Every structure is written in structure tokens, then in C-alpha cells.
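1. Sequence and computational prediction follow.
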Amino acid sequence: MAVYTDVAEGELAAFLKQYPVGDLLSYKGIAEGTENSNFLLHTSSGSYILTLYEKRVDKADLPFFLGLMGHLANKGVSCPLPVTAHDGSVIGTLAGRPAVIITFLEGLSLRRPTATHCAEVGKALAALHLAGADFPMTRPNALAIDGWRKLWNAARDRADEVEPGLAAEVDADFADFERNWPKGLPAGIIHADLFPDNVFFLGEKLSGLIDFYFACDDLYAYDVATCLNAWCFEKDFSFNLTKGKALLAGYQSVRPLSEEEKAALPMLSRGSALRFMLTRLYDWLTVPDGGLVMKRDPTEYIRRMRFHRAIKSASEYGLADVGHHEQTG
Ligand SMILES: Nc1ncnc2c1ncn2[C@@H]1O[C@H](COP(=O)(O)OP(=O)(O)OP(=O)(O)O)[C@@H](O)[C@H]1O
Ligand SMILES: N[C@@H](CCO)C(=O)O
């Protein structure tokens, strides 16, 4: 659950006086999410989300995340708009934590997205990439290869407890990534965690994107690869080609991929699978049970890594007109 910090009603009502959001009518903690404490607020002017940032978000990154949400929302991306206080600030303090109020987005996240939903996600991701292109702030991806290496160094010795042979398998991947990771592809602001729990729909129509707390500068096609991993695999770990096709066609209807980006997709998808495997493995091995962080199963992403390793061409993800591309390693 994700309410790590309790907030008393009087304290919240006083805090809200600093913002143009009306008077507090009711509030409740939101169970979903793992990183921060979130509350749904009803006030005399509408509904809002209050987020208290817990220790897994670096406070120095907040101006980037909140500035980005504001930039994207102003450019028509359906994402939360941070509410500015009467004194012009966006980040306040509540219960000893940095605290922010953002606008509430209608919709529901999906447990079983269809190909139609995947197409919508592809379009929204491409629109986000275009809208972020003139965002003036930058943030390097803390979870690029160097960041993966740190997680791996901390987890490697116990990796075989989770899956026998995993240490050797991932060592070989690192050697390959450190030599062959694509360079020079189109890059800019990426969401970096656009999983189904971070996308809202009203019926088949996408109504909002949330959770920009991994957003950073990196390769656009890497963000596409993350969406293939997050949206196009079934519970039995098979890749759903119809969903892959839909997601990629949706993306390309807004921002066509270059031939180089297409050719790099198998490598990027493997890297993205490794990134999510590593954060999950690290938590699995280091975070005590019953603690604050919800653990997710790393083996789901080991299966994806293996799938991508066997891919010979991006056409196997559902891309039309792709040349044959041999992966090294
Ligand atoms: N702007 C919003 N409008 C409506 N609901 C929201 C909004 N922002 C967050 N929520 C709700 O709060 C939940 C948690 O939000 P979020 O995913 O940002 O939290 P988190 O702690 O950063 O989690 P994680 O990084 O693990 O996904 C969401 O699943 C959603 O139910
Ligand atoms: N989307 C991540 C969790 C962090 O947001 C995962 O599934 O591992």
C-alpha cells in the first residue's frame, strides 16, 4: 500500500489554504503505487491528488518532474498539472515531507489491455516525445547502463537464489550491452515507466498518463521498447504480436521510427527488460518482507530478456518493412 505518512485533517486543511483549490471536503489515502504517499482530495472546487514524496524520490529531481508535467499538460498531453500555490511555489511541505497537489485525471488503469488500448498507448507515447522536445530542463537516466551495473553489483552474489544460472546469464548480457548499446539514435524526454498502472482509460479512449518519476533524457526508441515489454506480453510470457503491431503502428502514426531505431529495437527491448528485472531483483533481495516497498517478481522480466535475445529482426515485434538485423552476443 502506498500511504506511508499519515496526515491529520486539520494539518491538511491548513496546508490547502496556500493553494487555489477551495476548502477541504474529504480525503482518503490511495492504496496503489509504491514510491510515494498519495491521497485523493475532494474540495469545494473539485478533485485533486496530494503526493507526499518519500525517500525513494530524490528531492533535487522534483523541479524536473513537476516542470515536465506542467510543460506536457500545457502542450495538450493528458497528464496531471501541478497546482501552483498563492506564493508562486509548487513544492510545499506537509507532515515533514515535500508535498505537491496535482489535478485529478478521470479513468481507470487496465489489468488486461487489448490491442486497441496498445495502439492508444503507442500514440500517446509518441505525442509525449514530441511535446517534450522543447522542454528546457534535462535529467540523465539514472537507470541507464551505469545504474544497472550498480544494482547488479549489489544483487549479483545472490542472483542464483532467484533463478539458477542468472549470474552468468546477466554477466554475458552486460558484456554485450557495454560493447554494443546503440548510440546516436534520436533522444529527448522519455517517460521511462509507462506501464499499464500508469495509463488511464475511459472505455477504449486513453484519458491520462501519470507517474513521471522516472522521466529523463534517453533514446525515444528505448521508451518504445519499455512499452513493448510492459503492454505486449501475456501472463504466460508469450509475446502478443497483434498487440505489438498495434502499439508500434500507433506510435508510428504520430512519430515514425527511423530504420536505425527499428534495427535497434531488439537490443533496446532486451536492455529495458534487464532494467526492470534488476530493480525488481534488487528489491526482492534487499528489502525486508512486510516493509514499505511492494516487491514485484523479477522472473517475469528474466523471461522477457530471454525472449528478446532470440529475436533476429524487429519485424518479430510486428513492425512492417524491417531489414534483417543480427544481434551480436
Ligand atoms: N493525477 C491523478 N489522477 C487520478 N489518480 C491518480 C493521479 N495520480 C495518481 N493517482 C492514483 O494514485 C496511484 C498512485 O500514483 P503513482 O503511480 O504516481 O504512485 P507512486 O507511488 O509513484 O507509484 P509507482 O511509482 O509504484 O507506480 C495511482 O495508481 C492512481 O490510482
Ligand atoms: N513499473 C515498474 C515499477 C516501478 O514503477 C515495474 O513493474 O517493475
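-> Great, that's in hand. Ligands and ions are numbered 1, 2, ... in the order given.
2. hey, let's count contacts and neighbours off CA atoms from now on
-> Noted.
3. What is the neighbour count of Pro288?
-> Look at Pro288: counted by other C-alpha atoms under 10 Å, it has 11 neighbours.
4. hmm, I was thinking of Ala264
-> Ala264: 22 neighbours (other C-alpha under 10 Å).
5. which residue sits closest to it, ignoring its sequence neighbours?
-> Pro182 (6.6 Å; C-alpha to C-alpha, 6 or more residues apart in numbering).
6. The one you found: neighbour count?
-> 17.
7. quick one, phi psi at it?
-> Phi and psi for Pro182, reported as degrees, to the nearest 10, are phi -60, psi 140.
8. where's it relative to Leu265, distance?
-> Note on Pro182: its distance to Leu265, by C-alpha to C-alpha, to the nearest Å, is 10 Å.
9. The chain: helices as residue ranges?
-> 9-16, 62-74, 115-132, 145-155, 159-162, 166-180, 220-231, 241-254, 259-286, 299-309 (DSSP state H).
10. Now the fifth one: average pLDDT?
-> For helix 159-162, the mean pLDDT works out to 96.
11. ok, now stretch 10-24?
-> Mean per-residue pLDDT for stretch 10-24: 95.
12. Between the two ends of it, how far is it?
-> Length of stretch 10-24, first residue to last, C-alpha to C-alpha: 10 Å.
13. Buried residues in it, which are they?
-> Under the neighbour-count criterion of 16 or more other C-alpha atoms under 10 Å, stretch 10-24 has Leu12, Ala13, Leu16, Gln18, Tyr19, Val21, Asp23, Leu24 buried.
14. who touches the first one in this structure?
-> The neighbourhood of Leu12, defined by C-alpha atoms under 8 Å, 6 or more residues apart in numbering, consists of Leu94.
15. so how far is Arg97 from it?
-> Going from Leu12 to Arg97 by C-alpha to C-alpha gives 13 Å.
16. Mind putting the buried residues of stretch 10-24 into a markdown table with distance to ligand 2?
-> Formatted as a markdown table, the buried residues of stretch 10-24 follow (distance: C-alpha to the nearest ligand atom, whole Å):
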| residue | distance to ligand 2 |
| --- | --- |
| Leu12 | 27 |
| Ala13 | 30 |
| Leu16 | 28 |
| Gln18 | 30 |
| Tyr19 | 28 |
| Val21 | 28 |
| Asp23 | 32 |
| Leu24 | 29 |
